[in-house]
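# here you go, sequence then predicted model.
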Amino acid sequence: MDDKTKEITTEFLANRQRLMSFIYGLVRDPQAAEDIFQETWLKLANAVQQGMVIHQPAKWCRKVAKNLVLQYWRQQRNAKVVADSSLLEFLEFVDLAFEENALEQTSDRQQALNDCVAVLPPKSRRLLALKYDDGYSLERIAQVAEQSTAAVIKALLRLRQALASCVEKKLRLSELGL
Amino acid sequence: MSRLEELLLKWQDQSISEDELRELTLALKQPENRRRLLESFSFDANLIQALQSLKAVEQTAESVQQFETLELREADRLTPATRGRWTEKIRALLQPIFGLSHR
């Protein structure tokens, strides 16, 4: 690996969390998101090796990832949805959201969330694992938990709020050295 | 619980209807809502990472526990109680010889 590729790879990995958020948020499948992330890096490395000058690697990668997401949606035989103008408009707004907003992404934040998840009651952790690790739909979780889908939505949103508050509290305490 | 959060959760769940997607897209015309979408997407990615880390830690802890169990099982053969029983048996077997030699 030459110096230029090393340099761009370091920058690429430093922005991993932001790009992964973008990709996962759109494809909503952890494995597919990882595949698209790796494909994006391959395209970036190839472009650099071919002598292409990339002034804004983060923006360039997001553009590549956006095309790969569209390709993924088509492969999912979801062409009807892909052709839907609302979906394409949604994709543009997501891109804009990432373009115009800085995102505070630190390892401290991730660690704080890890700690907050670790101390959740088993029932809450199970709910999160079903949704975000096992990839169960809200409807399927509702069946498993013998609850209504609306109740599952409410529980998940409350849990997310509780975790977000827990993370902010931990980060504030950390800033104070406590 | 806001309507935007509910729509984002339905988007993540892939259970959003066409009308709801149009509603979400319309909401994203507001910069504040786009910022919240970014936070929501980021939170989801971090949450997956957190759950995977926790799972890895639990699996490692389980492996360590199994290894420790095996070690303890092996170590158990050398516990004083077991060793004592074997010592007693050997002593009993050798008793006549020791008895003769001491005479």
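Yep, that arrived.
# residue 10: neighbouring residues, count only.
Just so you know, I chose chain A. 10 (other Cβ atoms under 10 Å in any protein chain shown). Using the backbone N, CA and C atoms, a C-beta is placed for each residue, glycine as well.
# can you look at chain B instead?
B:Lys10 has 18 nearby residues by other Cβ under 10 Å.
# do the same with A:Phe12
For A:Phe12, using other Cβ under 10 Å, the count is 20.
# my read: it touches A:Leu44, true?
Yes. Between A:Phe12 and A:Leu44 a contact is recorded at 6.1 Å, counting by Cβ atoms under 8 Å.
# list residues touching both of the two?
By the contact definition Cβ atoms under 8 Å, 6 or more residues apart in numbering or on different chains, A:Phe12 and A:Leu44 are jointly contacted by A:57, A:61.
# may I ask you to confirm that A:Ala118 is in contact with B:Lys55?
No. With contact defined as Cβ under 8 Å, A:Ala118 does not count as touching B:Lys55 (11.0 Å).
# what about chain A, any weak spots by pLDDT?
Scanning chain A for pLDDT under 70 picks out A:1, A:77-83, A:104-105.
# what ranges does it have for its helices?
A:3-14, A:16-27, A:30-49, A:57-75, A:79-83, A:85-100, A:107-118, A:122-128, A:138-145, A:149-175 (DSSP state H).
# what about the fourth one, distance to the chain center?
Here helix A:57-75 is found 13 Å from its chain centre; the criterion is Cα atoms, centre = their mean, to the nearest Å.
# and that helix, what does it pack against?
helix A:3-14, helix A:16-27, helix A:30-49, helix A:79-83, helix A:85-100 (3 or more Cβ pairs under 8 Å, 6 or more residues apart in numbering or on different chains; DSSP states H and E).
# angle of it against helix A:85-100?
For helix A:57-75 against helix A:85-100, the angle by axes from the mean of the first three to the mean of the last three Cα atoms, to 10 degrees is 160 degrees.
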